[in-house]
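**Student:** I'd like to go over a predicted model; first the sequence, then the structure.
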Amino acid sequence: NTYHNFQHALDVLQATHIYLVEAGASPPVSILLDYPGSSWKPDLKKLNPMLACMRNQDLFALYIAAVGHDVGHPGFTNMFMVCASFRSRI
């Protein structure tokens, strides 16, 4: 499939991470650098209440879902799949 491939999965993962960083729910990648005092805590005053309830496990699951969201996707639209499924039952 030319679109639903690993590059697309990484693109969705990167976009998900940027959205979460901008919302204040996830730390930026720069915390991985070995700088003294490079720790991160979410700013609960700025954080959206819908995201404030997310635990680390929830964020991890969201990242995994972003990478694997198109696994097994045949590359067709939903309407095509509905029509093809209907025709195969006739």
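**Tutor:** The structure has been received and is ready for your questions. Numbering: from 1, shown residues only.
**Student:** so what secondary structure elements neighbour the helix or strand of the chain with the lowest mean pLDDT?
**Tutor:** Scoring the helices and strands of the chain by mean pLDDT, DSSP states H and E places helix 78-88 at the bottom, with a mean of 73. With contacts defined as 3 or more C-beta pairs under 8 Å, 6 or more residues apart in numbering; DSSP states H and E, helix 78-88 has no helix or strand neighbours. In this view, the C-beta of every residue, glycine as well, is placed from N, C-alpha and C.
**Student:** centre of the chain versus it, how much separation?
**Tutor:** Offset of helix 78-88 from its chain centre (C-alpha atoms, centre = their mean, to the nearest Å): 28 Å.
**Student:** begin at 10 from now on, thanks
**Tutor:** Noted, 10 is the first residue going forward, which turns the last one into helix 87-97.
**Student:** now the nearest residue to residue 17 once chain neighbours are set aside, what's its secondary structure?
**Tutor:** Computed as C-beta to C-beta, 6 or more residues apart in numbering, the closest residue to residue 17 that is not its neighbour in sequence is residue 79, at 6.5 Å. Following DSSP: H, G, I helix; E, B strand; the rest coil, we place residue 79 in the coil state.
**Student:** which residues does residue 79 contact?
**Tutor:** Residue 79 is in contact with 13, 17, 18, counting by C-beta atoms under 8 Å, 6 or more residues apart in numbering.
**Student:** coming back round to it: other residues contacting the least confident helix or strand of the chain?
**Tutor:** 83, 85.
**Student:** for the protein, which helix is longest?
**Tutor:** helix 15-32 (DSSP state H).
**Student:** beyond that one, next helix or strand please.
**Tutor:** Toward the C-terminus, helix 15-32 is succeeded by helix 58-61 as the next helix or strand (DSSP states H and E).
**Student:** and that following helix, what's buried?
**Tutor:** residue 60 (16 or more other C-beta atoms under 10 Å).
**Student:** swap in stretch 17-33?
**Tutor:** 18, 21, 22, 25, 26, 29, 33.
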